[in-house]
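# give me a 3D structure for the following:
(one chain, ligands or ions: 1)
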Amino acid sequence: LPITVKEFAEEIGEAPNNLIVELMNMGVMANVNQSLDEDTLELLAEEIGVQIKFKTEEEEETLMRVGPEIEDKEEDLEVRPPIVTVMGHVDHGKTTLLDVIRKSRVAGSEAGGITQHIGAYQAKVNEKLITFIDTPGHEAFTAMRARGAQLTDIAILVVAADDGIMPQTEEAINHAKAAGIPIIVAINKIDKANAQPERVKQELTEYGLVPEDWGGNTICVNVSALQEQNIDELLEMIILVSEMEELKANPNRLADGVVIEAELDKGRGPVATILVKNGTLKIGDPILAGLTSGRVRAMFNEFGESLDKAGPSSAVEVLGFNEVPAAGDFVQSLEDERQARDVASDRQDERRQSELKSDAKVSLDDLYNQIQEGEVKELNIIIKADVQGSIEALKASLIRLGTDEVTVNVIHTGVGGVNETDVNLASASNAIIIGFNVRPDNKTIKAAEKEKVDIRTYRVIYKAIEDIKNAMAGLLDPEL
Ligand code: GDP
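Presented below is the predicted three-dimensional model:
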């Protein structure tokens with residue numbers, strides 16, 4: 001239920017009765033408490049000559065954020081552990097790598113502790129910690145990013161030395177690049193007789209990742225996850241890169257973070273794993289996550305040990321939410337439980353009205369206006385096609401369409417149908433998707449509608465180029 005006649009009347013300073021009359025003239029019978037859908041609202045606004053603007057996602061976000069938004073002072077900041085995601089092609093060894101690090105390096109493993117899956121764990125390297133997100137792959141990573149939560153500081157790209165760069169490797173590279181985070185390459189399976197690490201390095205250069213020993217600045221480590229070779233070296237490289245990134249946080253403030261997993265546990269009620277990004281989360285803290293609130297009743301680490309506080313970059317299972325929050329929700333601890341509850345309920349109201357908002361996502365139909373209003377300075381495009389040749393041809397032609405006002409970037413390409421991961425990447429990077437001789441499936445179409453991502457499919461290259469060109473010039477024929 002977006003907005004009622006009465007609320008809209010108040011919003012624009014008009015008598016509700018006038019609006020009802022106006023609606024009647026439009027053939028809509030309404031009373032003051034009737035809610036108006038987006039189309040009716042637009043028509044009504046046009047009739048009475050008021051400008052309405054639907055809220056952008058950013059404005060919504062600001063409204064939804066409360067609490068200690070104070071910037072930290074430099075002197076309050078302390079070094080924090082890096083948060084790392086392992087990505088790469090299926091079967092290249094992501095899970096094996098995460099397992100071997102968990103088994104040998106987790107802080108309590110010498111004490112014989114058995115880790116449980118809570119969504120993340122911390123490894124200890126020369127007294128320094130690294131937080132690993134326990135779900136490998138770029139899908140989860142990008143789904144989080146699409147929701148506005150950038151968690152990961154460093155991406156580990158696993159490439160099997162006997163297989164080389166494969167489609168999902170390429171996707172992972174593009175996703176990490178779009179997020180602007182450093183990539184460390186773990187060239188895996190070097191124990192295999194047919195391993196060709198040098199060939200992998202050659203392939204990497206084609207993606208702009210030039211290995212250090214080839215004069216570039218991409219760190220590559222040859223490893224065998226299975227035989228536990230060079231794992232220490234890889235971990236040391238992660239520490240090195242994190243020190244270069246100067247990752248810091250202020251442990252002496254109320255916590256904020258992100259929900260990485262959440263479920264309703266039969267015995268314990270709502271349980272959420274929270275990755276703390278800043279501050280320290282403590283037992284008894286009022287908390288707010290997305291649409292739900294509560295108070296931290298108990299916290300557990302990956303050994304099931306009970307904790308009374310959790311500092312920056314640590315992941316903890318938290319009990320005490322009134323309802324199950326969603327993965328990707330921002331979490332904040334607040335001074336006051338009532339405030340947390342009020343904000344959660346405000347957000348629920350907001351959410352109910354949120355069909356009203358049309359996100360300021362890029363779309364071809366509105367591209368010209370967005371360029372004129374300075375909202376769009378670069379047009380990001382994802383190209384999916386049936387064959388590589390078409391991708392290359394399209395890419396080259398599209399990039400050439402760039403003007404002084406707007407540059408055209410092709411942020412990701414791939415052979416195959418348009419899928420949900422493409423939609424998430426497009427949503428996170430404000431891109432449109434072009435499918436050439438390929439189509440999205442129903443699930444993807446639904447996701448695109450939800451995320452308001454513009455997908456265009458073509459069978460002729462020049463038609464795709466013409467559409468983009470016309471859209472940039474404001475000459476696109478409206479889609480029928
Ligand atoms: P994921 O799909 O990327 O998570 O890959 P997995 O970790 O499930 O590994 C896929 C297969 O490769 C499994 O059979 C592993 O045992 C094997 N594998 C993983 N790492 C290595 C390695 O370093 N050497 C060898 N020879 N096999 C490995």
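# I'd guess D366 is in a strand, am I close?
No - membership of D366 in a strand is not supported by DSSP: H, G, I helix; E, B strand; the rest coil, which gives helix.
# for it, grab the count of nearby residues.
Per other CB atoms under 10 Å, the neighbour tally for D366 reads 19. The way it works is simple: take the backbone N, C-alpha and C, and place the C-beta from them, glycine included.
# so it versus the ligand, what's the distance?
D366 sits at a distance of 40 Å from the ligand (criterion: CB to the nearest ligand atom, to the nearest Å).
# and what of N126?
23 Å.
# so that residue sits against I238, correct?
No - in this structure, N126 is not within contact of I238 by CB atoms under 8 Å, at 11.5 Å.
# between those two, which one's more packed in?
Legend: neighbour count by other CB under 10 Å for N126 and I238, higher for I238 (26 against 8).
# doesn't that one lie inside a helix?
Yes - counting by three-state DSSP, I238 is part of a helix.
# where's it relative to T142, distance?
I238 sits 21 Å away from T142, taking CB to CB, to the nearest Å as the criterion.
# ditto for G93
From G93 across to T142, the span is 21 Å (CB to CB).
# again with P182
17 Å.
# more neighbours: which of the two?
Higher neighbour count among P182 and T142: T142, with 28 against 17, using other CB under 10 Å.
# where's that one, which helix or strand?
Taking DSSP states H and E as the definition, one finds T142 inside helix 138-146.
# ok now that helix, how far from the chain's centre?
On the basis of CA atoms, centre = their mean, to the nearest Å, helix 138-146 sits 4 Å off its chain's mean C-alpha point.
# mean confidence score for it?
Averaged across helix 138-146, the pLDDT comes to 75.
# got the contact list for T4?
Contacts for T4 (CB atoms under 8 Å, 6 or more residues apart in numbering) come out as 32-36.
# can you list these in TSV and add distance to the ligand and neighbour count?
As requested, the contacts of T4 are exported to TSV (distance: CB to the nearest ligand atom, whole Å; neighbours: other CB atoms under 10 Å):
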residue	distance to the ligand	neighbour count
V32	58	14
N33	54	10
Q34	53	15
S35	48	19
L36	49	23
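# so which residues of the stretch 301-450 of the chain form strands?
Under the criterion DSSP state E, counting those that start in this stretch, the stretch 301-450 of the chain contains strands at 306-307, 309-310, 315-321, 330-333, 378-385, 407-415, 431-436.
# got the contact list for the fourth one?
Defining contact as CB under 8 Å, 6+ apart, one finds that strand 330-333 is touched by 65-68, 148-149, 254-259, 272, 274, 279, 281-282, 285-290, 296, 325.
# what strand or helix carries I20?
Element membership of I20, judged by DSSP H and E, is helix 16-25.
# in that helix, which residues are buried?
Within helix 16-25, the residues that count as buried by 16 or more other CB atoms under 10 Å are 16, 19-20, 22-23.
# could those be laid out in a markdown table, adding distance to the ligand and pLDDT?
Formatted as a markdown table, the buried residues of helix 16-25 follow (distance: CB to the nearest ligand atom, whole Å; pLDDT from 0 to 100):
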| residue | distance to the ligand | pLDDT |
| --- | --- | --- |
| P16 | 59 | 84 |
| L19 | 58 | 86 |
| I20 | 60 | 86 |
| E22 | 60 | 86 |
| L23 | 57 | 87 |
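# ok, so of those, who is nearest E212?
L19 (66.4 Å; CB to CB).
# I figured that closest one hits A9, correct?
Yes - under the contact definition of CB under 8 Å, L19 touches A9, with a separation of 5.3 Å.
# now the stretch 351-480 of the chain, which segments are flagged as low pLDDT?
351-360, 476-480 (pLDDT under 70).
# now the stretch 351-480 of the chain against the ligand: closest residue?
Taking CB to the nearest ligand atom, the ligand has its nearest neighbour within the stretch 351-480 of the chain at T421, 15.6 Å off.
# near the residue lying closest to that residue once chain neighbours are set aside, how many other residues are there?
Leaving out its chain neighbours, the residue that sits closest to T421 by CB to CB, 6 or more residues apart in numbering is E139, at 5.3 Å. Using other CB under 10 Å, the number of residues around E139 comes to 19.
# same check on A272?
28.
# isn't it right next to P325, touching?
Yes - with contact defined as CB under 8 Å, A272 counts as touching P325 (5.3 Å).
# shared neighbours, the two?
The contact sets of A272 and P325 overlap at 259, 262, 289, 331 (CB under 8 Å, 6+ apart).
# can I get those residues in CSV including pLDDT, secondary structure and neighbour count?
Shown next, in CSV, are those (pLDDT from 0 to 100; DSSP: H, G, I helix; E, B strand; the rest coil; neighbours: other CB atoms under 10 Å):
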residue, pLDDT, secondary structure, neighbour count
V259, 91, strand, 25
A262, 90, strand, 25
A289, 89, strand, 27
V331, 90, strand, 23
